[in-house]
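> pasted the sequence and its predicted model underneath.
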Amino acid sequence: MTWIDSHVHLEDEAFAEDSGDVKTRALAAGVELMINAGSTREANCKILQNLPFDESMFAGMGLHPHEFPATADFYIDDLREQLSREKIVAVGEIGLDYHVFKGVPLPDMMAQQAAFRRQLRLARIFELPLIVHVREAYPDALRMLREEGPFPAGGVLHCYAGGPELLDEVMQMGFYIGVGGPVGYPSGDSVRLSVAAAPIDRIVLETDAPYLPPQSRRGLRNEPECIPEIARAVAGVRGVTLETLAGQTTANARRLFQLESAASDVWAYPLQNHMYVNLTNRCSANCIFCPRRVSRKLQAYDLTLKREPLAREIMFALGDVRKYSEVVFCGFGEPVLRLPVLLAVAREVKRQGVKVRVNTNGHADLIYNRDILPDCLGLVDEWSVSLNSADPEQYDRLVKPASGPGALAAVKQFIARAAAAGFEVTTTAVELPEVDIRAVEALSQQLGARYRGRTPQRLGEPEERD
Ligand SMILES: [Zn+2]
């Protein structure tokens, strides 16, 4: 029987002395994976440092409502970079917390809402699931999730305390509920009613360690090894065996955070004399002509990723690339969302002397709010940008950028800057009757790029994945 603890804070000071022992005890209790939720700028940095060395750990990056109004703009820009890193599977924990603590200034609701909204937009751009903290603020939190949604990657309302009456709406939004220690508290009636009423495939377990210990450890430090005690309380409410609950909640967490078995995942695939890299299925656009939500099949390959590959896994899948004319970062998703991984792999490809092309939607400036091109000099040879339209309104209608309307201006700037910086820049467009291809061609030329030609709308041809 194995478990996933979907919400821990193991970077917390409370574990400074013995985090190794804590993990050993967690493993002994059957907790095979943990999601470390980042809550402050410092916590996020600390988590990222440890993440590569810990096989049982994945993480979310976010700024907790307690961080506001102390949070500056550059915190959000740092968060963009943090979200692009390996093993980051969620945005969070973020949210709203209106609880009034004695001796502490009243919560600044407006500042919290503004920060929540900005991070919700990042979740859309990165298409990552959300880890949401809500305390005494359910009406506002659900309203903002409605306003900023939909969130195709879903999310979890961690330590759910909204009661059974809000469950319908939570489920409609595609969210899960996180259930922790309070399910076993004498005061936990509302939580138990929610657990009884929620669909079993939308419940994930969590400790929130070091906080919210289960009943047997009230007043003490919580640890991920307490998951079985929480699970016993949940199994009791649901009337299922522990085995059933373990199987179900583990599958739920793996589905939500995209951590299912990667055994059948295709990370690299040759077509003719090109080698393609399948970095992600996530995208900052939702083009009306993109098949990725329906099918990610491409010739003999199914490019659905059940878990995103690590840089070293891609390098292993690529092997010796010298027999190919180029390595292309492509797939049914936007590779620039994983820029550090992309560049690590590109460095190895360039070491072998092979050309690197990146097929992109050109949203880099919108994703990172900075110029990423200097990072890519010497590692990327060609940017192939899906331009798709020369008309800003038509572009928004066809491409549906997650960053909101007006994205074409940023794409044009990216193309012009890349061309000026000496990269080879080509553009593509999907052939739709309403698109003025000659205008796309003229715009490309004007920006210093070469129009690659119309991309016919053949399903799954690599150049038109976006
Ligand atoms: Zn937490």
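Arrived safely. Numbers count the residues shown, from 1 in each chain.
> now do the buried residues in stretch 367-378.
367-368, 372-373, 375-376 (16 or more other CB atoms under 10 Å). The C-beta positions use only the backbone N, C-alpha and C, and glycine is treated the same way.
> any idea which of those is closest to D73?
Closest approach between the buried residues of stretch 367-378 and D73, by CB to CB: Y368, at 13.7 Å.
> ok, so of the buried residues of stretch 367-378, who is nearest R351?
Set against R351, the nearest of the buried residues of stretch 367-378 by CB to CB is C376 (15.5 Å).
> once you drop chain neighbours, what's closest to that closest one?
Spatial nearest neighbour of C376, excluding adjacent residues (CB to CB, 6 or more residues apart in numbering): L343 at 6.8 Å.
> after the helix or strand harbouring the one you found, which helix or strand is next?
Assigned by DSSP states H and E, L343 belongs to helix 339-351. The helix or strand immediately downstream of helix 339-351 is strand 355-360, counting by DSSP H and E.
> parallel or antiparallel, which strands does that next one pair with?
strand 326-329 (parallel), strand 382-386 (parallel) (DSSP bridges).
> can you list the ones you listed in JSON lines and add mean pLDDT?
Converted to JSON lines, the strands paired with strand 355-360 look like this (pLDDT from 0 to 100):
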{"stretch": "strand 326-329", "mean pLDDT": "96"}
{"stretch": "strand 382-386", "mean pLDDT": "96"}
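> looking at these, which is closest to A421?
Nearest of the strands paired with strand 355-360 to A421, taken as CB to CB: strand 382-386 at 10.1 Å.
> name the next helix or strand following the closest one along the chain.
Counting by DSSP H and E, what follows strand 382-386 is helix 392-399.
> okay, the helix or strand that that next one is followed by in PDB with CA atoms only?
Where DSSP H and E defines the elements, the next helix or strand beyond helix 392-399 is helix 407-420. Extracted C-alpha coordinates of helix 407-420, given in PDB (Å, rounded to 0.1, in the frame of the first residue of the first chain):
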ATOM      1  CA  ALA A 407      -0.400  39.000 -27.700                       C
ATOM      2  CA  LEU A 408       0.600  39.500 -31.300                       C
ATOM      3  CA  ALA A 409       2.600  42.700 -30.400                       C
ATOM      4  CA  ALA A 410       4.800  40.600 -28.100                       C
ATOM      5  CA  VAL A 411       5.200  37.900 -30.800                       C
ATOM      6  CA  LYS A 412       6.300  40.500 -33.300                       C
ATOM      7  CA  GLN A 413       8.800  42.000 -30.900                       C
ATOM      8  CA  PHE A 414      10.200  38.500 -30.200                       C
ATOM      9  CA  ILE A 415      10.700  37.800 -33.900                       C
ATOM     10  CA  ALA A 416      12.300  41.200 -34.600                       C
ATOM     11  CA  ARG A 417      14.600  41.000 -31.600                       C
ATOM     12  CA  ALA A 418      15.600  37.400 -32.500                       C
ATOM     13  CA  ALA A 419      16.400  38.400 -36.100                       C
ATOM     14  CA  ALA A 420      18.400  41.400 -35.000                       C
END
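> buried residues in helix 407-420?
By 16+ other CB under 10 Å, the buried positions in helix 407-420 come out as 407-408, 410-412, 414-415, 417-419.
> how much space separates the nearest residue to S261 once chain neighbours are set aside from E13?
Among residues not flanking S261 along the chain, K306 sits closest, at 6.2 Å (CB to CB, 6+ apart). Relative to E13, K306 is positioned 35 Å away (CB to CB, to the nearest Å).
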